[in-house]
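Student: predicted model, plus sequence, below.
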Amino acid sequence: MINKTVRNLAEAMQGITDGATVLVGGFGAVGQPDALIEALIEQGATDLTIVANNAGTGRTGLARLMELGRVRRIICSFPRSVGSVVFEELYKAGKLELEIVPQGTLAERMRAAGAGVPAFYTPTGFGTLLTEGKPTAEFNGKPCVLEMALPGDVALIQAHKADRWGNLTYRRSGRNFNPVMAMAARLTIAQVDEIEPLGTLDPENIVTPGIFVDRVLRVTV
């Protein structure tokens with residue numbers, strides 16, 4: 001019997017190793033898997049590469065993970081935002097590597113990884129410092145830059161509902177990066193608001209099929 005639900009956060013975090021590339025869903029605080037991030041802090045993996053929309057705020061969640069010295073590199077679209085004090089401190093001190101990727105390109109790099117596409121051309125960023133040194137080509141008179149797919153070892157995502165097979169639905173803007181991250185990772189862990197009996201989720205509302213999900217944990221706030 002397929003049952004991807006796990007009993008607790010510690011079980012959800014099993015097997016995440018030092019040096020892993022971890023994709024973290026969310027757009028700011030919306031759709032961000034806060035409980036899974038806290039569990040990763042407790043789990044202890046270090047030398048991590050984090051892929052996220054931003055670099056955290058305040059001194060909790062992603063910011064706390066960085067403050068503890070557990071993140072070697074961050075790949076994101078918005079490293080600086082209101083309250084990104086930890087990122088700014090670490091980056092200025094040379095203790096954190098940064099790769100800035102335009103938001104649409106970031107999403108497409110992960111979608112490509114999930115679809116088995118190794119690289120793609122895009123006009124976004126051509127001629128800027130963000131794409132300096134990357135291969136270029138021209139298509140229909142428009143210069144483009146080659147971007148590589150971005151797979152993850154682990155994806156930590158948030159969804160609204162799941163069943164025991166790992167099928168996921170999302171609630172409004174909480175969908176954001178979560179579906180493409182689920183596709184792009186070798187190990188996908190989802191925190192959800194509710195776990196429904198098998199067969200009760202409307203198939204038309206399932207955005208992430210269970211084939212992309214490995215572990216599901218119901219988290220109550």
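Tutor: Perfect, thanks for sending it.

Student: bridged to Asn54, which residues?
Tutor: Phe78 (DSSP bridges).

Student: can you show me the CA trace of the biggest helix by length in the chain as PDB?
Tutor: What stands out as the longest helix in the chain, according to DSSP state H, is helix 103-115. Extracted in PDB, the C-alpha atoms of helix 103-115 (Å, rounded to 0.1, in the frame of the first residue of the first chain):
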ATOM      1  CA  GLN A 103      12.500  35.300 -11.000                       C
ATOM      2  CA  GLY A 104      11.000  33.900 -14.200                       C
ATOM      3  CA  THR A 105      14.400  32.300 -15.100                       C
ATOM      4  CA  LEU A 106      14.600  30.800 -11.600                       C
ATOM      5  CA  ALA A 107      11.200  29.200 -12.000                       C
ATOM      6  CA  GLU A 108      12.000  28.000 -15.500                       C
ATOM      7  CA  ARG A 109      15.400  26.500 -14.500                       C
ATOM      8  CA  MET A 110      13.600  24.300 -12.000                       C
ATOM      9  CA  ARG A 111      10.700  23.500 -14.300                       C
ATOM     10  CA  ALA A 112      13.300  22.400 -16.900                       C
ATOM     11  CA  ALA A 113      15.000  20.200 -14.400                       C
ATOM     12  CA  GLY A 114      11.700  18.500 -13.600                       C
ATOM     13  CA  ALA A 115      10.900  18.000 -17.300                       C
END
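
Student: so what touches that helix?
Tutor: Contacts with helix 103-115, where a contact means CB atoms under 8 Å, 6 or more residues apart in numbering, come from 23, 51, 53, 75-78, 101, 118-120, 122, 124-125, 147-152, 177, 180-184, 212. (C-beta placed from N, C-alpha, C; glycine too.)

Student: next step: the residues you listed restricted to strands.
Tutor: 23, 51, 75-76, 119-120, 122, 147-148, 152 (DSSP state E).

Student: pipe those residues into CSV and attach neighbour count, distance to Leu9 and pLDDT per row.
Tutor: Shown next, in CSV, are the ones in strands among the contacts of helix 103-115 (neighbours: other CB atoms under 10 Å; distance: CB to CB, whole Å; pLDDT from 0 to 100):
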residue, neighbour count, distance to Leu9, pLDDT
Leu23, 28, 18, 98
Val51, 27, 21, 98
Ile75, 21, 25, 98
Cys76, 23, 24, 97
Ala119, 11, 36, 98
Phe120, 17, 36, 98
Thr122, 18, 37, 98
Glu147, 22, 34, 98
Met148, 12, 32, 98
Gly152, 26, 19, 98
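
Student: ok, those vs Pro203, which is closest?
Tutor: Closest approach to Pro203 among the ones in strands among the contacts of helix 103-115 (CB to CB): Leu23, at 25.6 Å.

Student: quick one: contacts for that closest one?
Tutor: The contact partners of Leu23, by CB under 8 Å, 6+ apart, come to 51-52, 110, 152, 154-157, 177, 181, 184-185.

Student: cool, Gly174 as well?
Tutor: Gly174 neighbours (CB under 8 Å, 6+ apart): 30-31, 158-160.

Student: tell me how far Ala155 lies from Phe126.
Tutor: Going from Ala155 to Phe126 by CB to CB, to the nearest Å gives 29 Å.

Student: of those two, who's got more company?
Tutor: Neighbour tally, Ala155 and Phe126, criterion other CB atoms under 10 Å: the higher count belongs to Ala155, 32 against 16.
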